[in-house]
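Novice: just a sequence and a predicted model for now, questions to come.
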Amino acid sequence: IMKQAYLYVVAALFSVPAAAETMGNPAGMSPDTPGINAAKPAKDHSNIQDKLFVRQMTIGGRAEVELGRLAQQKGVDEAVRGFGERMVADHGKGNERLMRAAKGVNGEIPEGLDPEHQTVRRELNELCGADFDIAYLASQVRHHQKTAKLLQWHISYGQNDQLLKYSIETLPMVMAHLEHAKLEHDRLVTAKAP
């Protein structure tokens, strides 16, 4: 009997993704979602997770551009300045793509940098030389880890087709940035060690 119950549980778990594809993501859907009564929500409708995702990605994307510009100005190491330039270009384009994908998604997005990124910018501004370069890359590792987790979360729980497509296409870029930041950070830390 235990073995049979285990098989039912495993079978149920494997059927969940298929059901989710045909029904949309029921988690976080507002009652006004078109098609919710027929268990087929509109693919262009946004759930609560989509709205939170757009807010957080916009905040993070803005910060990446602003901190990238700071790295271009203050970076001593050529690779750090180049990484900053890449952040400005890639995240600038990513921010534009996000805004196109999020068209019609109502959500509050604050202007400028949020308090967390203001603190990071202020701390980086106080540093110079190799200390700045190492701290900037360390912040990039942390931020890209958070962004990768946010994208993975959205891929699992979002509903809006355009935003899901954006998340799926953006995740590899963020992972490449993360690996690049880790490699450069480790290189600079090793070079600075006595």
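Specialist: Good, I have the coordinates.
Novice: not counting sequence-adjacent ones, nearest residue to the spatially most central residue of the chain?
Specialist: In the chain, the residue lying closest to the centroid (CA atoms, centre = their mean) is residue 147, at 3.0 Å. Closest residue to residue 147 apart from its sequence neighbours, by CB to CB, 6 or more residues apart in numbering: residue 174 at 5.1 Å. C-betas here are computed from N, CA, C, even on glycine.
Novice: ok, now residue 148?
Specialist: The shortest distance from residue 148 to any non-neighbouring residue, by CB to CB, 6+ apart, is to residue 174 (5.1 Å).
Novice: any idea which element the one you found lies in?
Specialist: For residue 174, the element it lies in under DSSP states H and E is helix 161-192.
Novice: packing partners of that helix?
Specialist: On a contact count with 3 or more CB pairs under 8 Å, 6 or more residues apart in numbering; DSSP states H and E, helix 161-192 meets helix 48-74, helix 78-101, helix 129-157.
Novice: can you do 7 Å?
Specialist: Applying 3 or more CB pairs under 7 Å, 6 or more residues apart in numbering; DSSP states H and E, one finds that helix 161-192 makes contact with helix 78-101, helix 129-157.
Novice: can you list those in TSV and add mean pLDDT and distance to residue 170?
Specialist: Converted to TSV, these look like this (pLDDT from 0 to 100; distance: least, CB to CB, whole Å):
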stretch	mean pLDDT	distance to residue 170
helix 78-101	97	6
helix 129-157	97	6
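Novice: just send the ones you listed back as TSV, with distance to residue 108 too.
Specialist: Output for the helices and strands packed on helix 161-192, formatted as TSV (distance: least, CB to CB, whole Å):
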stretch	distance to residue 108
helix 78-101	15
helix 129-157	17
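Novice: among those, which is nearest residue 167?
Specialist: Each of these has some distance to residue 167 by CB to CB; the shortest is helix 129-157, at 4.7 Å.
Novice: the host helix or strand of residue 122 vs helix 48-74, what angle?
Specialist: With elements taken from DSSP H and E, the one containing residue 122 is helix 115-125. Relative orientation of helix 115-125 and helix 48-74, computed by axes from the mean of the first three to the mean of the last three CA atoms, to 10 degrees: 10 degrees.
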